[in-house]
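A.B. asks: Here is the input, now give the coordinates:
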Amino acid sequence: MTKPTTVSDQQLAVLAPLATLIETTIRDTPIRMGPGGLDDLTGQLTVKTCVWVGKNVLPRTKSLAAFVADVDAERQRQLAKFGDQHHPDGTGSKSQQDDAERARRWCQDAFGSGYGTWVDILTEEVVEAYAERDRARLRAELVQVAAVCAAWIADLDSRPAARSAAAAVTETPASQ
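C.D. replies: Below is the predicted model of the structure:
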């Protein structure tokens, strides 16, 4: 048996503007008597709620909605396969902090010399996350990792298919 989900006042406060929109729409939309009398109200609520969600909930960055949907689908697969997981972070050791400093220098040098890549950026962000002991800073670093992944995927998706196929062929090691 699952326990009921509780919603905090803070979580509800986020929805206060939506609740006000719904309340105002109900108050301001005339309801006709008879069959279909609630159609106007239903239509107004649907449109206004969709607009509100589009402005306040959905990602605004081009291609981010697809990224979020893909990540959500993968998380659903992980949850189905492994369940809700809880593990130690395993971050913040001296060697991980040293690795983070080296990765930062490498990335700066690579881009300073004009040959930086997505791998350089992502490696720097991941290794910086490994170096964090503080929970809030670790979370911030992991958000940066996700943002770099989103940017890299957006870049991949923006490339013409023929160019991507040609790049894949030239990047495939000859031993395969």
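A.B. asks: max-length helix in this structure?
C.D. replies: Under DSSP state H, the helix in the chain containing the largest number of residues is helix 135-158.
A.B. asks: The residue minimising distance to the centre of the chain is in what secondary structure piece?
C.D. replies: Residue closest to the average C-alpha location in the chain (Cα atoms, centre = their mean): Val68, at 4.9 Å. Under the criterion of DSSP states H and E, Val68 resides in helix 64-82.
A.B. asks: Just the buried residues of that helix, please?
C.D. replies: Buried residues in helix 64-82, counted by 16 or more other Cβ atoms under 10 Å: Leu64, Phe67. The C-beta positions use only the backbone N, C-alpha and C, and glycine is treated the same way.
A.B. asks: Touching that helix from outside, list them.
C.D. replies: Leu58, Pro59, Gln85, Ala146, Cys149, Ala150, Ile153, Ala154, Asp157 (Cβ atoms under 8 Å, 6 or more residues apart in numbering).
A.B. asks: Return the distance of the second one relative to Gly83.
C.D. replies: Think Pro59. Per Cβ to Cβ, to the nearest Å, Pro59 is found 27 Å from Gly83.
A.B. asks: That'll do, ta.
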